[in-house]
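K.L.:
all I have is the shape, not the residue letters:
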């Protein structure tokens, strides 16, 4: 943390607005957590957005948890990350933590008999449910680096789907087509306009795939699996496009984060770099921690060290290139600043990078120009990115790189 940022927070303590923000981001997030109030009854009636969580602890026997807030009506926003950026992090957290989970233990290898919950999960509209708990839900909070936050939970004695699930036609078709392989189903749904979050949910509850090979997939795994599968398919399209002939620069600041993208002429390559400032989610220390991973034209053979965020941003990047009709070398950077300290899921990266690429790019004629612009955009100096970026080192070459450091 910079001394200036640290001193401002210490002097302010959430009361004086010294950072210039209308609401203290630290206090706003904690207030949302503290506001979690589980229902006092053993029965909850509400409209599931729809939302079904599949855990990973104890695999292959895991926790399956349909969820609903204690209200009925149009709750679709509660499980549609594509619409959350406009709400602000505090509102998203408050909304998500009102979801109450009814938890049951299931074997991922035996999704049969769960058709009612599968149809609930793939419904295009909220579905009224009745959750009967074995004991009152605890005021717990489920925070995950991959999946969106969730609120109180209790063992489910009974889950009754009261409403009538209405899957969109593509999801219904994929659900009943037991000859369609899971990855092909994922691509088919995406090309049919089904939101990525809905595809991830269907994949997770074992609603896709061939016959008896269908399996429940832990939510955090399904999120990355879908991002990975879709981006790989899109990258194959990107490789057939013309090469970019200029340098593009994008910048986006949102909720104590800065997202930057530099796209340069050349064949498809991709890099994702994160800089976590002190006292943020994954950095309790006193110095900035910078990590990155990348892939060349031929892709990866191992799982990216930065996990789900790498694949979420890669999907958004490939989407942009396909839309604009070119291929290039993409270097994406994210700085995470003081005040951002709760894991809220990789949707945050995917949707911010999508928003980043919806903005108008700055265009430059040379690498030097775009790197000068990068150095003015981030809190860390350009020398850090030149040191940490494998793709920039390859572009500049070791001798030329020394000139910049």
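P.N.:
Looks like it came in fine. Nothing here was measured: the structure is a model prediction, and the numbers come from that model.
K.L.:
quick one: what helix or strand has residue 227 in it?
P.N.:
Residue 227 belongs to helix 219-238 when assigned by DSSP states H and E.
K.L.:
would you mark the buried spots in that helix?
P.N.:
219-235, 238 (16 or more other CB atoms under 10 Å). Using the backbone N, CA and C atoms, a C-beta is placed for each residue, glycine as well.
K.L.:
with stretch 173-192 instead?
P.N.:
Residues of stretch 173-192 classed as buried by neighbour count (16+ other CB under 10 Å): 174-175, 180, 182-190.
K.L.:
mind putting those in TSV, distance to residue 143 included?
P.N.:
TSV is the format used below for the buried residues of stretch 173-192 (distance: CB to CB, whole Å):
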residue	distance to residue 143
174	31
175	30
180	34
182	28
183	29
184	33
185	30
186	26
187	31
188	33
189	28
190	28
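K.L.:
just the residues you listed: which are in strands?
P.N.:
With strands defined by DSSP state E, no entry of the buried residues of stretch 173-192 lies inside them.
K.L.:
count of neighbours near the spatially closest residue to residue 181 that is not a sequence neighbour?
P.N.:
Leaving aside its sequence neighbours, residue 181 sits nearest to residue 210 (CB to CB, 6 or more residues apart in numbering; 5.7 Å). Using other CB atoms under 10 Å, residue 210 is surrounded by 14 other residues.
K.L.:
give me the phi and psi for residue 210.
P.N.:
Dihedral angles of residue 210 (phi, psi; degrees, to the nearest 10) stand at phi -90, psi 130.
K.L.:
same check on residue 118?
P.N.:
Phi and psi for residue 118, reported as degrees, to the nearest 10, are phi -70, psi -40.
K.L.:
need the contact list for it.
P.N.:
Residue 118 sits next to 111, 175, 205-207 when contact means CB atoms under 8 Å, 6 or more residues apart in numbering.
K.L.:
next one: residue 70
P.N.:
Residues near residue 70 by CB under 8 Å, 6+ apart: 39, 44-46, 98, 100.
K.L.:
surely it is in a helix?
P.N.:
No - read with DSSP: H, G, I helix; E, B strand; the rest coil, residue 70 is coil and lies in no helix.
K.L.:
ok, and what's touching the helix holding residue 227?
P.N.:
When contacts are defined by CB under 8 Å, 6+ apart, helix 219-238 is touched by residues 53-56, 144-147, 183, 186-187, 190, 196, 199-201, 203-204, 217, 268, 299, 307-308, 311-312, 314-315, 317-319, 321-322, 327, 345-347, 350.
K.L.:
domain parsing of the protein, as residue ranges.
P.N.:
Domain segmentation of the chain under automatic domain parsing yields 1-34, 39-161, 169-238, 242-404.
K.L.:
save those as TSV, and put in mean pLDDT too.
P.N.:
TSV is the format used below for these (pLDDT from 0 to 100):
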stretch	mean pLDDT
domain 1-34	60
domain 39-161	93
domain 169-238	97
domain 242-404	93
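K.L.:
quick one: the strands in the stretch 301-405 of the chain, in order.
P.N.:
326-327, 329-336, 362-364 (DSSP state E, counting those that start in this stretch).
K.L.:
can you list the strands that the first one pairs with?
P.N.:
Spelled out, it's strand 326-327. Pairing partners of strand 326-327, with direction, according to DSSP bridges: strand 242-243 (parallel).
K.L.:
next SSE after the strand it pairs with?
P.N.:
Following strand 242-243 toward the C-terminus (DSSP H and E): strand 247-254.
K.L.:
give the next helix or strand downstream of that following strand.
P.N.:
Counting by DSSP H and E, what follows strand 247-254 is strand 257-264.
K.L.:
distance from that following strand to the middle of the chain?
P.N.:
17 Å (CA atoms, centre = their mean, to the nearest Å).
K.L.:
same question, stretch 345-358
P.N.:
In this view, stretch 345-358 has its centroid 8 Å away from the chain centroid, taken as CA atoms, centre = their mean.
K.L.:
now do the buried residues in it.
P.N.:
Quick answer for stretch 345-358 (16+ other CB under 10 Å): 345-357.
K.L.:
give me the subset of those that lies in helices.
P.N.:
Judged by DSSP state H, the buried residues of stretch 345-358 include 347-357 as members of helices.
K.L.:
could these be laid out in a markdown table, adding distance to residue 250?
P.N.:
Converted to a markdown table, those look like this (distance: CB to CB, whole Å):
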| residue | distance to residue 250 |
| --- | --- |
| 347 | 19 |
| 348 | 17 |
| 349 | 14 |
| 350 | 15 |
| 351 | 15 |
| 352 | 11 |
| 353 | 9 |
| 354 | 11 |
| 355 | 10 |
| 356 | 5 |
| 357 | 6 |
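K.L.:
let me know the closest of these to residue 246.
P.N.:
Using CB to CB, residue 357 is the member of those that lies nearest residue 246, at 15.7 Å.
K.L.:
how close does the closest residue to the closest one other than its chain neighbours get to residue 393?
P.N.:
Distances taken as CB to CB, 6+ apart place residue 320 nearest to residue 357, at 3.9 Å, with adjacent residues excluded. Using CB to CB, to the nearest Å, we find residue 320 at a distance of 24 Å from residue 393.
K.L.:
of the two, which one has the most company?
P.N.:
Using other CB under 10 Å, the more surrounded residue of residue 320 and residue 393 is residue 320, with 24 against 14.
K.L.:
the more buried one touches residue 359, doesn't it?
P.N.:
No - look at residue 320 against residue 359 with CB atoms under 8 Å: they stay out of range, at 10.7 Å.
K.L.:
where along the stretch 51-200 of the chain do the helices fall?
P.N.:
Taking DSSP state H, counting those that start in this stretch to define them, one finds helices in the stretch 51-200 of the chain at 89-96, 115-121, 169-176, 182-191, 196-204.
K.L.:
which one of those helices lies closest to residue 336?
P.N.:
helix 89-96 (12.5 Å).
K.L.:
I'm done for today, thanks for sticking with me.
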